[in-house]
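Novice: compute the structure for the input listed below.
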Amino acid sequence: MRVLIVKLSSLGDVVHTMPVVHDIRNAHPDALIDWVVEPGFAPLVRRVHGIHSSFECAQRRWRKRWWTRAVREEWREFRYALRGDRYDAIIDFQGLTKSVLVARIARGPTFGLGNQTEGSAHEWPARWLIDHPIDVDPRIHALDRARLLASRVLGYEPRGAPRFGLRAHTLESIDRTLVFVHGSSRDDKLWPEAHWIELGRRVMDAGWRIALPHAGPVERERADRIAAAIGPASEVWPAMDLDAITDRMGAVHGVIGVDSGLSHIAVALDLPHVQLYNFPTSWRTGPQVAHGHSHQVSIEGQPTPDVDTVWSAWQQVWTQFQGQT
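Specialist: Residues are numbered from 1 along each chain as shown. Here you go, the predicted structure:
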């Protein structure tokens, strides 16, 4: 059996689709599974156990320079590669017109979401462009939505907790380090700097070191301010690509972070984790007990979770994790 996954972006959505690979291979051990994804997330997809190959679809960059010879050549090469094999099932997990059009380039029957689920993006033309639209419960976790869609396409029942299959290359363990994922592409998901500083001082007093990743100058400046206020136990990581930061996170002991791609990577790496939400939306993207995440929790608060609650949650998560090891 040959299966093509179409999930182009974003980082968190790509992570939430990863358990599908294990589910398919569990039901069909000989299945060859390929994945179409944006280039920025391709390194992560290639790390997923069970992936046969990946195709990099640079739609955003191509749209900006579609008239150039270089882009036209890239597009021809992409189209040729994608049509190299015939698939038994081409599954679009994104539900957007752009993703369905990519799915239709490949050879084989196409399947996808027939309806929008709460809080997700979905475009009505996608239902009519897909060969076999499949309706799902409109109120469903993003991870469960992907698992359910694949199972209905390929005729099996998802069993057990999700297994992401994301592999970090082994690095030397970093001394008792907790990562603060403070950045997000949306400002309304951020946690106040004063909260990070107060939490960091409690973490430091408990004997932990703190690492602060960043993406871009705005996050770098915020990381520098937080680290300076906390003191010498904190470290701002250098700028890293997705490969490097996944390996670095795989060597730490836990993560506290806002709802962002790096926090979802922490979940996929099975790290002790507290994920922070400024909205009552953790049910659709955050770690859940039903998914077997006993040492990973979501904390909500309006306008933001308070420091006492987050600190208490981390202590409980760490105690739970130690009890398992």
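
Novice: outline the domain layout of this structure.
Specialist: Domain segmentation of the chain under automatic domain parsing yields 2-154, 177-324.

Novice: what's the model's confidence in the last one, averaged?
Specialist: Spelled out, that is domain 177-324. Averaged across domain 177-324, pLDDT comes to 95.

Novice: which residue ranges of the stretch 1-150 of the chain form strands?
Specialist: 2-6, 32-37, 51-56, 89-92, 110-113, 132-134 (DSSP state E, counting those that start in this stretch).

Novice: quick one, helices of the chain?
Specialist: For the chain, the helices defined by DSSP state H cover 11-17, 19-27, 42-46, 59-64, 69-82, 97-105, 124-129, 142-154, 193-205, 217-230, 242-250, 261-268, 282-285, 307-324.

Novice: gap between the two ends of stretch 282-293?
Specialist: 13 Å (CA to CA, to the nearest Å).

Novice: quick one, what contacts the residue lying farthest from the centre of the chain?
Specialist: The centre of the chain is farthest from one residue, R69, which by CA atoms, centre = their mean lies 33.4 Å away. Contact analysis of R69 by CB atoms under 8 Å, 6 or more residues apart in numbering lists nothing. C-betas here are computed from N, CA, C, even on glycine.

Novice: thinking again about what came up before, out of the domains of the chain, flag the one nearest R167.
Specialist: domain 2-154 (5.0 Å; CB to CB).

Novice: adding distance to T170, write the domains of the chain out as a markdown table.
Specialist: Below are the domains of the chain laid out as a markdown table (distance: least, CB to CB, whole Å):
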| stretch | distance to T170 |
| --- | --- |
| domain 2-154 | 13 |
| domain 177-324 | 8 |
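
Novice: hmm, back to that, want to throw the strands of the stretch 1-150 of the chain into JSON lines with distance to S263, mean neighbour count and mean pLDDT?
Specialist: Conversion of the strands of the stretch 1-150 of the chain to JSON lines gives the following (distance: least, CB to CB, whole Å; neighbours: other CB atoms under 10 Å; pLDDT from 0 to 100):
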{"stretch": "strand 2-6", "distance to S263": "22", "mean neighbour count": "25", "mean pLDDT": "98"}
{"stretch": "strand 32-37", "distance to S263": "19", "mean neighbour count": "23", "mean pLDDT": "98"}
{"stretch": "strand 51-56", "distance to S263": "22", "mean neighbour count": "17", "mean pLDDT": "97"}
{"stretch": "strand 89-92", "distance to S263": "25", "mean neighbour count": "26", "mean pLDDT": "98"}
{"stretch": "strand 110-113", "distance to S263": "24", "mean neighbour count": "24", "mean pLDDT": "97"}
{"stretch": "strand 132-134", "distance to S263": "29", "mean neighbour count": "16", "mean pLDDT": "96"}
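
Novice: and F180, which of those is closest to it?
Specialist: Using CB to CB, those put strand 32-37 closest to F180, at 27.5 Å.

Novice: I'd like the strands of the stretch 1-150 of the chain as CSV, with distance to R63 appended.
Specialist: Formatted as CSV, those follow (distance: least, CB to CB, whole Å):
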stretch, distance to R63
strand 2-6, 17
strand 32-37, 16
strand 51-56, 15
strand 89-92, 19
strand 110-113, 22
strand 132-134, 26
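
Novice: so for W237, which of the ones you listed sits nearest?
Specialist: Per CB to CB, nearest to W237 of these: strand 32-37, 24.5 Å.

Novice: that older thread, out of the domains of the chain, which is closest to G160?
Specialist: So among the domains of the chain, domain 177-324 is nearest, using CB to CB, at 7.7 Å.

Novice: how long is that closest one from one end to the other?
Specialist: 19 Å.

Novice: any idea how far R60 lies from I245?
Specialist: Taking CB to CB, to the nearest Å as the measure, R60 and I245 are separated by 21 Å.

Novice: neighbour-wise, which of the two wins?
Specialist: When R60 and I245 are compared for neighbours, I245 comes out ahead with 20 against 13, by other CB atoms under 10 Å.

Novice: that one: what's it in contact with?
Specialist: Remark: with contacts taken as CB under 8 Å, 6+ apart, I245 is in contact with 213, 237, 262.

Novice: so which of the helices of the chain is the most packed in?
Specialist: helix 261-268 (a mean of 26; mean count of other CB atoms under 10 Å).

Novice: then that helix to CSV, C-alphas only?
Specialist: The C-alpha trace of helix 261-268 is given here as CSV (Å, rounded to 0.1, in the frame of the first residue of the first chain):
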residue,chain,number,x,y,z
GLY,A,261,5.0,25.0,17.5
LEU,A,262,7.9,24.4,19.9
SER,A,263,5.6,23.5,22.7
HIS,A,264,3.9,21.0,20.4
ILE,A,265,7.3,19.5,19.6
ALA,A,266,7.9,19.2,23.4
VAL,A,267,4.7,17.1,23.5
ALA,A,268,5.8,14.9,20.6
